[in-house]
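1. Here is a sequence together with a model predicted from it:
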Amino acid sequence: MSLTVVYCDSMEVSLDVGPDIANITDQLVQMAHKAGVENGSLHASVIGSTGSLTTIEYEPGVVEDLRRAITRLAPPDMEYEHEKAWHDGNGHSHVQAALLGPSVAIPVRNGVLALGTWQQVVLINHDNRPRQRRVEVTVIGKKRRPQEVAG
């Protein structure tokens, strides 16, 4: 008989003015291990309308390329309807975050996240001010046998 596990956790990450990009893969790997799931999935979602999650090769060149591409997609110096209502200077932040999306789902196979060798999960702050971003994580799946779960 297999036991289904639903494990919930969260993390807080401080990010600078956007687009600022942080690698959160290690924290997600730890959460998946802590969940004790053999096969299932990890779902992560950033809270807030000016943050996003995606995967990328986390190396300086690709990170800078992504930063530039995000800025080209929704430049801060364009006119946004959001500014007419709120006058907070972050209309572009909402559009950038919406284009990338707030969440990722990653398979868990044999107790580990099924990510490519050069694939990391990144959290992005798009806002025009530094932010403390909360990421909510849920791991769901078949529990590993007790001898496979190590503290």
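-> Great, that's in hand.
2. What confidence value was assigned to the closest residue to Arg129 other than its chain neighbours?
-> Nearest-residue entry for Arg129: Val17, 6.1 Å, with adjacent residues in sequence omitted and distances by Cβ to Cβ, 6 or more residues apart in numbering. Where C-beta positions appear, they are placed from N, C-alpha and C, glycine not excepted. According to the model's per-residue confidence, Val17 sits at a pLDDT of 95.
3. Can you get me a residue count around Val17?
-> A total of 13 residues lie near Val17 under the criterion other Cβ atoms under 10 Å.
4. Next: Glu12.
-> Glu12 has 8 neighbours, counted by other Cβ under 10 Å.
5. continuing past the helix or strand where it lies, what's the next helix or strand?
-> Following DSSP states H and E, one finds Glu12 within strand 4-15. Proceeding C-terminally, strand 4-15 gives way to strand 20-23 as the next helix or strand, assigned by DSSP H and E.
6. name the helices or strands packed onto that following strand?
-> If contacts are counted by 3 or more Cβ pairs under 8 Å, 6 or more residues apart in numbering; DSSP states H and E, strand 20-23 sits against helix 60-73, strand 120-125.
7. Touching that strand from outside, list them.
-> Surrounding strand 20-23, the residues in contact under the criterion Cβ atoms under 8 Å, 6 or more residues apart in numbering are 13, 15, 58, 63, 66-67, 120-125, 130.
8. Give me the buried subset of those residues.
-> Neighbour-count burial within the contacts of strand 20-23 applies to 13, 15, 58, 63, 66, 120-125; the criterion is 16 or more other Cβ atoms under 10 Å.
9. now these in a markdown table, with distance to Gln27?
-> Formatted as a markdown table, the entries for the buried ones among the contacts of strand 20-23 read as follows, by distance: Cβ to Cβ, whole Å:
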| residue | distance to Gln27 |
| --- | --- |
| Val13 | 8 |
| Leu15 | 14 |
| Tyr58 | 13 |
| Val63 | 18 |
| Leu66 | 20 |
| Gln120 | 11 |
| Val121 | 9 |
| Val122 | 12 |
| Leu123 | 10 |
| Ile124 | 15 |
| Asn125 | 16 |
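10. Sounds good, over and out.
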